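Asker: give the three-dimensional model of this entry:
(one chain, ligands or ions: 1)
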Amino acid sequence: MKKPLIAGNWKMFKTIREAVNLVQTIKAGIYKITDCQIVICPPFTALAGLSPILADSPLELGAQNMHPENEGAYTGEISPLMIKEVGCRYVILGHSERRQYFKEDDIFINEKVKTALRYSLIPILCVGETLDQRNARQQHEAVKLQFEQSLKDLTKEDILKTVIAYEPVWAIGTGKTATPEQAEQMQSYIRRLLKEKYGDEIAGKVLILYGGSVKPDNIGELIKKPNIDGALVGGASLKAESFIQIVMNATKALEAEAAR
Ligand code: PGA
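Answerer: I've put the predicted structure just below:
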């Protein structure tokens with residue numbers, strides 16, 4: 001069975017001191033967990049400070065973005081080499097906030113995904129439709145386009161080292177979670193796209209996360225769905241208590257499901 005993955009996307013929250021405190025509390029709360037991969041994605045400034053704290057824990061480190069070049073005259077940007085140097089194993093790419101506020105398009109995101117893989121970083125590629133697209137019943141076309149363009153040229157080996165996160169834009173930070181059925185419906189569609197491109201066996205191994213207002217009280221129902229392999233958590237990852245509870249509830253729900 002695939003190990004589920006729960007990632008916390010802290011966005012532009014937490015100073016270094018706050019980040020250290022939060023991670024220490026999370027670490028103390030989840031030290032027993034072995035059947036879930038847990039990734040923390042703090043702001044760039046906190047990465048170096050958190051790296052040694054996470055070293056002897058099941059928690060892994062991820063960045064929230066990176067530039068596709070390894071160095072260059074790109075004021076304000078951070079390269080894959082730099083995030084690797086501070087201990088990142090993962091990097092979130094193509095988050096809808098990057099697409100919306102920083103005008104990142106699929107071609108640029110595809111460059112980043114390919115560079116991440118070249119540097120042995122695991123990309124967490126985000127896809128998801130806007131509310132307008134869903135209202136116009138174009139959610140499948142929207143996600144398919146992002147899928148095809150952002151993952152263009154990826155080989156079978158590459159896709160096995162890539163995580164996909166389905167994040168409907170209308171559910172991010174709004175408190176409006178997609179229902180487990182809505183999320184499963186789209187995630188099984190993404191799995192189908194993977195199957196068409198890479199075959200059943202490989203498609204079955206790729207982790208597909210759900211993101212958008214994941215909370216301790218909805219993770220259990222979400223993660224029980226066959227095509228939901230974990231979660232990308234924003235707001236609820238900023239408090240140790242709720243993040244720990246999400247991890248606990250996810251593992252409990254999966255245990256209960258396995259025992260059935
Ligand atoms: P949210 O954010 O959990 O606050 O909705 C999710 C995300 O943006 O990854």
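Asker: flag every residue of the stretch 101-250 of the chain that's near the ligand.
Answerer: 167, 172, 173, 211, 212, 213, 214, 232, 233, 234, 235, 236 (CB under 6 Å from any ligand atom). From N, CA and C alone the C-beta is placed, and that goes for glycine too.
Asker: where's the residue nearest to residue 44 when sequence neighbours are not counted, which helix or strand?
Answerer: Take residue 44 and drop its neighbours on the chain: the residue closest to it by CB to CB, 6 or more residues apart in numbering is residue 78, 5.6 Å away. In this structure, residue 78 is located outside every helix and strand according to DSSP states H and E.
Asker: and residue 78, how many residues sit next to it?
Answerer: Per other CB atoms under 10 Å, the neighbour tally for residue 78 reads 17.
Asker: would you mark the buried spots in stretch 69-78?
Answerer: residue 78 (16 or more other CB atoms under 10 Å).
Asker: contact partners of it?
Answerer: Here stretch 69-78 makes contact (CB atoms under 8 Å, 6 or more residues apart in numbering) with 44, 63, 65, 66, 67, 79, 80, 81, 115, 119.
Asker: just the ones of these in helices?
Answerer: The helices, defined by DSSP state H, take in 44, 80, 81, 115 from the contacts of stretch 69-78.
Asker: could you report the pLDDT at residue 17?
Answerer: We have a pLDDT of 98 for residue 17.
Asker: can you get me a residue count around it?
Answerer: A count of nearby residues for residue 17, using other CB under 10 Å, gives 10.
Asker: same question for residue 118.
Answerer: So residue 118, with other CB under 10 Å, has 12 neighbours.
Asker: which parts of the chain are helices?
Answerer: With DSSP H as the criterion, the chain has helices spanning 16-30, 44-54, 80-85, 96-101, 106-118, 131-135, 139-150, 156-160, 180-198, 200-205, 219-223, 240-259.
Asker: CSV for those helices, including distance to residue 6?
Answerer: Listed next are those as CSV, based on distance: least, CB to CB, whole Å:
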stretch, distance to residue 6
helix 16-30, 10
helix 44-54, 15
helix 80-85, 20
helix 96-101, 19
helix 106-118, 20
helix 131-135, 25
helix 139-150, 22
helix 156-160, 20
helix 180-198, 15
helix 200-205, 18
helix 219-223, 8
helix 240-259, 5
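Asker: tell me which of these is the most buried.
Answerer: Comparing the helices of the chain by mean neighbour count (mean count of other CB atoms under 10 Å), helix 219-223 ranks first with a mean of 23.
Asker: that helix packs against which elements?
Answerer: helix 180-198, strand 230-233, helix 240-259 (3 or more CB pairs under 8 Å, 6 or more residues apart in numbering; DSSP states H and E).
Asker: how about those, which one is nearest residue 222?
Answerer: Among the helices and strands packed on helix 219-223, the nearest to residue 222 by CB to CB is helix 180-198 (5.0 Å).
Asker: what packs against the closest one?
Answerer: Packing partners of helix 180-198 (3+ CB pairs under 8 Å, 6+ apart): helix 139-150, helix 156-160, strand 163-166, helix 200-205, strand 208-211, helix 219-223.
Asker: could I get those as a markdown table with mean pLDDT?
Answerer: Converted to a markdown table, those look like this (pLDDT from 0 to 100):
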| stretch | mean pLDDT |
| --- | --- |
| helix 139-150 | 98 |
| helix 156-160 | 98 |
| strand 163-166 | 98 |
| helix 200-205 | 98 |
| strand 208-211 | 98 |
| helix 219-223 | 97 |
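Asker: what's the closest of those to residue 91?
Answerer: strand 163-166 (10.1 Å).
Asker: who touches that closest one?
Answerer: 5, 7, 90, 92, 122-128, 143, 147, 183, 186-187, 190, 206-211, 232.
Asker: contacts only, for residue 176.
Answerer: 170, 212, 213.
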